[in-house]
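Novice: Quick one, what's the 3D model for this:
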Amino acid sequence: MKKSILTVFVSAAALTLSACGGGGDDDTQPVDPKATSSVPNQANSSGNVNQPSQPANTGKQTTAAAGAAFFADQNDLTTARPIGVSGDRDSVISINGHNITVARPEFEDQNFGTTSDDGKTRTITNGRNIMSYVRFGFHTEFGGAGNGKQHYVFALGDPTPTDKMPTSGDTYYIGLSTFAMGTNPEFRTGLSSFHVNFDEKTIDGEVYGDSRVNPIGLGGKINGNAFSGSKDGVEMQGHFYGPQAEQVGGIFKGTATDIPGIDEPTPVMGSFGARRL
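Specialist: As a prediction, this is how the structure comes out:
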């Protein structure tokens, strides 16, 4: 990689997201306190990526939705395992037979929105105007079996057609994340940044909060319009979304062995979405 993720992120500070806007209720702070609460405009996409031309498309694609989800039981992130996800990212999705409302008009123009059911559940997802092709977030059910919390993370959206995937060049994506860490996890909102090399078919990045304190490293290989892989004990999977890979979204889980500032292996679980610079 010619540049570090941090170097690119700092150089794009004027375009950086504010992770505490729109429904997040944690203490995550943006990298630049003067940053706006919206993501970079897609018109600013990197020009060094070789991809077929295609007319602008502001509506939903006809391609079937694609995504992924993990489920962790008993408030224990080490139990996280893959689980099916389907439905309408602009309304209600279904995970393991649970119908989860992921969109409401009042938070579609915000970074994140929160929905709850009288203290029985809590869901935080990104606003559609922030990530127009993918919905990601987490859902927690309180008082499950054994009176423990049950956690779900997910990403679902309109995948890039495989024949429209970039074939060469490299670019950067910055965006948002939701994640939890440790043995008594509480999900919160944060940021994400990724470097993608289409020649090498690799994707590397980080998710983090608190002005990049304790970033969680992610890495994988690209296969068609999807990517997956493991880095330092953390498994990631996701997709490219939009007509021409304008966005990425995915999920991750594992026991991270190399989080800066943390001396011991740490259970982690989360989701992310990011837009191309």
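
Novice: What is the least confident helix or strand in the chain?
Specialist: Within the chain, no helix or strand scores below helix 5-11, which has a mean of 45 by mean pLDDT, DSSP states H and E.

Novice: Mind checking the pLDDT average for the very next helix or strand once past that one?
Specialist: Proceeding N to C from helix 5-11, the next assigned helix or strand is strand 66-72, under DSSP states H and E. Mean pLDDT, strand 66-72: 96.

Novice: Repeat that for stretch 232-250.
Specialist: 98.

Novice: Can you mark which positions in that stretch are buried?
Specialist: Across stretch 232-250, burial judged by 16 or more other CB atoms under 10 Å covers 233-250. Placement of C-beta: from N, CA and C, glycine included.

Novice: try stretch 219-234
Specialist: Buried, per 16+ other CB under 10 Å, within stretch 219-234: 219-220, 222, 225-229, 231, 233-234.

Novice: now do stretch 183-199
Specialist: Here stretch 183-199 shows 185, 187-198 as buried, counting by 16+ other CB under 10 Å.

Novice: ok, those residues vs Ala69, which is closest?
Specialist: Ranked by distance to Ala69 (CB to CB), the buried residues of stretch 183-199 are led by Phe187 at 14.2 Å.

Novice: which residues touch that closest one?
Specialist: Neighbouring residues of Phe187 by CB atoms under 8 Å, 6 or more residues apart in numbering: 124, 138, 140, 151, 178-180, 270.

Novice: Mind doing that once more with 10 Å?
Specialist: Under the criterion of CB atoms under 10 Å, 6 or more residues apart in numbering, the neighbours of Phe187 are 24, 26, 122-124, 137-140, 149, 151, 153, 178-181, 269-271.

Novice: Those in strands, which ones?
Specialist: 122-124, 137-140, 151, 153, 178-181, 269-271 (DSSP state E).

Novice: Make a PyMOL selection of whichever of those residues turn out to be buried.
Specialist: Selection of buried members from the ones in strands among the contacts of Phe187 for PyMOL, criterion 16+ other CB under 10 Å:
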select buried, resi 122+123+124+137+138+139+140+151+153+178+179+180+181+269+270+271
